[in-house]
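1. got a predicted model here, sequence first, then my questions.
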Amino acid sequence: MSTKAGAYAALFFASALMASGYILVRAVDQKAGMGMFVMQSMFFCALAITFFRPGKPAKKVTRQDMAAIAFNGIATPVALFLVWEGARIVTPSLASIIVNSNVLMIALLAWALGRKKFKTAQLLALAVGFAGIVWISFERGSLGGEAQGVACLLAGAVVIAAITVIIERPVVEIGAVAVTRWSYWISFVVSLAVVLISGQLKFYSLWQSGLALITGGIMGALALLFYLGMSRLGSADAAAFKLLVPFFALIYGFAILGLIPNLSSSIAGLLVIVSVAVYQFSGKEDSNGLEPVRTLRL
């Protein structure tokens, strides 16, 4: 990804695709089980990304890079299981906002690792966004009777934050396509092993498999777009674009499912969405910890 404009575009479209997952999981057959759906989705996702040809790695692959890719492969199905289980309980737009608490975690981890420096306006924006997420979690969990869904979503957010920070350097050094391909084939093998051991490996319907195919294709595309954007902007700034996901999830949820959050949650969600704009555009030029690598191409 050679320009910041291109990176912004990739992250924008990745956010739009990411939001669709909160709608698709609502159609998952409860009898089929989420574990089986995750496994099928990971297979189709890995298959889809295999058709892209990776560019030449900017640097030699190291053991640390392979360890990060392996971690990504193992953690991704865990994150998907948690997020999708929670998304079946909590309204799509609010579920996506809760998951996006990983933005603050990623920013703090990037700062702790010396990869990111923040201006005061950015810190305030992150604080406001996180405050909105905390309120929504409290309202939907403690007051709204959706504690199990909120807990799954927050746990998924922690896993996503760890994945994003750990995989940043391999994405820059090896390339988004190669990293995504290796990670998702590992994810498929891991999720297949889990459903085999747990006795959940069972074909339920063509509809279920078709839904997994669509979901897997979308996942592959959004992961590739996100990693391409991250290779130019860094994990902290790329993660900030995830705060746009609730905007798309709100539109999808209302248009397709007729679901819309209450006024209190809507105001909190709006604070979260506004915070991404303040965070992103108040940043200092070239303040990211990793230098851009211009050899990354589709």
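-> That came in fine, so what should we check first? Residues are numbered from 1 along each chain as shown.
2. could you use CA atoms for every contact and neighbour count after this?
-> Fine.
3. just checking, residue 260 touches residue 254?
-> Yes. The pair residue 260 / residue 254 is scored as a contact, 5.7 Å apart, by C-alpha atoms under 8 Å.
4. who has more neighbours out of these two?
-> Set side by side, residue 260 and residue 254 show more neighbours around residue 260, with 19 against 15, by other C-alpha atoms under 10 Å.
5. how about the secondary structure of that one?
-> Residue 260 falls in the coil class when you classify it by DSSP: H, G, I helix; E, B strand; the rest coil.
6. contact partners for it?
-> Applying C-alpha atoms under 8 Å, 6 or more residues apart in numbering to residue 260 gives the contacts 91, 93, 250, 253-254.
7. give me the helices and strands touching the helix or strand hosting residue 71, please.
-> In this assignment (DSSP states H and E), residue 71 forms part of helix 63-87. Helices and strands touching helix 63-87, by 3 or more C-alpha pairs under 8 Å, 6 or more residues apart in numbering; DSSP states H and E, are helix 4-24, helix 34-50, helix 92-99, helix 147-174, helix 176-198.
8. list the buried residues in the first one.
-> So the one you mean is helix 4-24. For helix 4-24, burial by neighbour count (16 or more other C-alpha atoms under 10 Å) applies to 7-8, 10-24.
9. and what of the fourth one?
-> Across helix 147-174, burial judged by 16+ other C-alpha under 10 Å covers 147, 149-174.
10. got it, and stretch 116-135?
-> 116-118, 121-123, 125-126, 128-133, 135.
11. what of stretch 63-77?
-> 65-66, 68-77.
12. one step back: what residues are shared contacts of residue 260 and residue 254?
-> In contact with both residue 260 and residue 254: no residue, using C-alpha under 8 Å, 6+ apart.
13. measure residue 74 to residue 181 for me?
-> 13 Å (C-alpha to C-alpha, to the nearest Å).
14. next one: residue 110
-> 24 Å.
15. neighbour count: these two, which is higher?
-> Per other C-alpha under 10 Å, whichever of residue 110 and residue 181 has more neighbours is residue 181, with 26 against 23.
16. residue nearest the centroid of this protein?
-> Taking C-alpha atoms, centre = their mean, the centroid of the chain lies closest to residue 160, which sits 6.3 Å from it.
17. pretty sure that residue is touching residue 101, no?
-> No. In terms of C-alpha under 8 Å, residue 160 does not count as a neighbour of residue 101; the distance is 9.8 Å.
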